[in-house]
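J.: quick one, what's the 3D model for this:
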Amino acid sequence: MEGMNVFAARLFPKDNRFVSGHRACQGCAEVLAVRLIHQILGRNTMVASATGCMEIISSSYPDTAWSIPWIHVAFENAAAVASGIEAGLQILMKKGRMPKRKINVVGMAGDGGTADIGIQALSGALERGHDMIYICYDNEAYMNTGVQRSSSTPYGASTTTSPAGKISIGQQTWKKNVTMIAAAHNIPYVATASPSYPFDLAEKVRKAAKVKGPAYLHVYSACPTGWRLDPKLAITIGRLAVQTGAFPLYEIENGKLKISVKTPKLRPLQDYTKPQGRFRHLDDATIAEIEKRLFEEYQKLERREGLIF
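T.: Next comes the predicted model:
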């Protein structure tokens with residue numbers, strides 16, 4: 001146990017860059033992911049943060065939970081602002097206006113600000129090759145505005161704009177695979193991650209920071225409030241998401257895919273859906289349909305492992 005504690009201390013430096021005093025909901029896994037990631041990235045980091053839960057809970061005037069340069073930007077343009085920061089820093093260093101050094105430029109947004117209204121800015125930043133990290137904290141809906149569906153909301157989930165009822169099962173489209181969309185830009189590093197697997201997350205953040213060029217991280221962010229989940233289960237549900245195939249953990253490094261947390265035999269999907277109120281209306285047949293789809297998607301990942309995109 002002592003050895004494990006030493007290992008964890010090396011992975012996660014003691015100094016926090018996202019500090020206590022914020023107003024996150026009880027059991028919020030997204031705020032845990034933000035804290036862990038910025039412990040690793042450290043002091044030499046600048047963040048462009050889109051409107052969303054993390055902006056609302058961390059910046060109640062006149063206070064802030066951020067101890068590094070942090071810029072609140074519009075819902076749709078976190079990637080555009082981050083790419084502008086990166087370009088500006090490069091020019092200042094080139095002109096000798098500031099010393100040449102490694103500064104982690106981070107764009108961050110939720111799934112709404114990434115998969116929906118921010119995808120054009122994200123695609124442009126990745127295509128231009130900016131040396132930056134973009135992080136999507138995926139809580140699978142527009143949570144801070146009232147739990148509306150996004151294109152990252154899972155099939156069958158009930159939200160305020162995809163409510164379950166007599167004529168609807170809830171969300172009627174399948175979750176958009178933004179990770180693979182990012183990978184299609186042929187950038188150096190793409191990965192999925194989860195605070196439920198902190199050592200895996202730490203390794204991926206370090207890799208993202210080291211590459212020259214764009215890196216994209218898609219981070220699973222359990223939302224007990226929007227998912228109608230017991231707050232004490234936020235970390236457990238993240239592990240179940242991986243073990244059932246609902247959120248596989250993998251990375252694509254220089255075009256080569258590797259499943260980082262393998263699940264030789266996927267657990268029954270009901271282990272994942274049962275604790276969440278957003279899925280409680282689903283019957284066995286619908287869950288079986290979703291389970292079949294997830295199994296097929298996981299098999300695709302397995303077939304692509306080790307291949308170059």
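
J.: what about the helices in the stretch 151-300 of the chain?
T.: In the stretch 151-300 of the chain, the helices defined using DSSP state H, counting those that start in this stretch lie at 178-183, 198-210, 224-227, 234-243, 270-273, 284-304.

J.: winner for burial among the ones you listed?
T.: Of all the helices of the stretch 151-300 of the chain, helix 224-227 has the most neighbours on average by mean count of other C-beta atoms under 10 Å, namely a mean of 22. For glycine as for every other residue, the C-beta is placed from the backbone atoms N, C-alpha and C.

J.: list the contacts of that helix.
T.: With contact meaning C-beta atoms under 8 Å, 6 or more residues apart in numbering, helix 224-227 is reached by 25-28, 139-141, 143, 147, 159, 230-231, 233-234, 237, 276-278.

J.: cutoff 10 Å now
T.: 24-29, 53, 139-144, 146-148, 153, 157-160, 230-234, 237, 275-279 (C-beta atoms under 10 Å, 6 or more residues apart in numbering).

J.: just stretch 278-297 next, same as before
T.: 140-141, 147, 153-159, 162-165, 168-171, 174-175, 177, 223, 226-229, 244-248, 266-270, 272-274.

J.: how does it look with 6 Å?
T.: Applying C-beta atoms under 6 Å, 6 or more residues apart in numbering, the contact partners of stretch 278-297 are Tyr155, Gly156, Ala157, Ser158, Ala164, Trp227, Arg228, Gly245, Leu269, Gln270, Thr273.

J.: and the residues you listed, which of them are buried?
T.: Tyr155, Gly156, Ala157, Ser158, Ala164, Trp227, Gly245, Leu269, Thr273 (16 or more other C-beta atoms under 10 Å).

J.: and the two most separated of these?
T.: Ala164 and Gly245 (22.5 Å; C-beta to C-beta).

J.: related to what we said a few turns ago, could you export the buried ones among the contacts of stretch 278-297 as TSV, including pLDDT and distance to Gly110?
T.: Listed next are those as TSV, based on pLDDT from 0 to 100; distance: C-beta to C-beta, whole Å:
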residue	pLDDT	distance to Gly110
Tyr155	98	19
Gly156	98	20
Ala157	98	15
Ser158	98	19
Ala164	96	22
Trp227	98	14
Gly245	98	23
Leu269	98	24
Thr273	98	22
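
J.: can you pull out the strands in the stretch 1-150 of the chain?
T.: Assigned by DSSP state E, counting those that start in this stretch, the strands in the stretch 1-150 of the chain fall at 45-50, 70-73, 104-110, 133-138.

J.: what about these, which gets the closest to Glu203?
T.: Across those, closest to Glu203 is strand 133-138 (C-beta to C-beta), at 14.2 Å.

J.: one step back: please tabulate the buried ones among the contacts of stretch 278-297 in TSV, including the columns distance to Val205.
T.: Output for the buried ones among the contacts of stretch 278-297, formatted as TSV (distance: C-beta to C-beta, whole Å):
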residue	distance to Val205
Tyr155	29
Gly156	31
Ala157	28
Ser158	33
Ala164	36
Trp227	25
Gly245	23
Leu269	29
Thr273	29
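
J.: tabulate the strands of the stretch 1-150 of the chain (a markdown table), appending mean pLDDT and distance to Ile181.
T.: Shown next, in a markdown table, are these (pLDDT from 0 to 100; distance: least, C-beta to C-beta, whole Å):
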| stretch | mean pLDDT | distance to Ile181 |
| --- | --- | --- |
| strand 45-50 | 98 | 17 |
| strand 70-73 | 97 | 21 |
| strand 104-110 | 98 | 15 |
| strand 133-138 | 98 | 11 |
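
J.: need the ones you listed in CSV (columns: mean neighbour count).
T.: Compiled in CSV, the strands of the stretch 1-150 of the chain are given as follows (neighbours: other C-beta atoms under 10 Å):
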stretch, mean neighbour count
strand 45-50, 24
strand 70-73, 20
strand 104-110, 28
strand 133-138, 28
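
J.: mind checking pLDDT for the residue nearest the centre of the chain?
T.: Centroid check for the chain by C-alpha atoms, centre = their mean gives Val219 as the closest residue, at 2.2 Å. If you check Val219, the pLDDT there is 98.

J.: I'd assumed Leu32 was in contact with it.
T.: No. Contact between Val219 and Leu32 fails when scored by C-beta atoms under 6 Å: they sit 10.2 Å apart.
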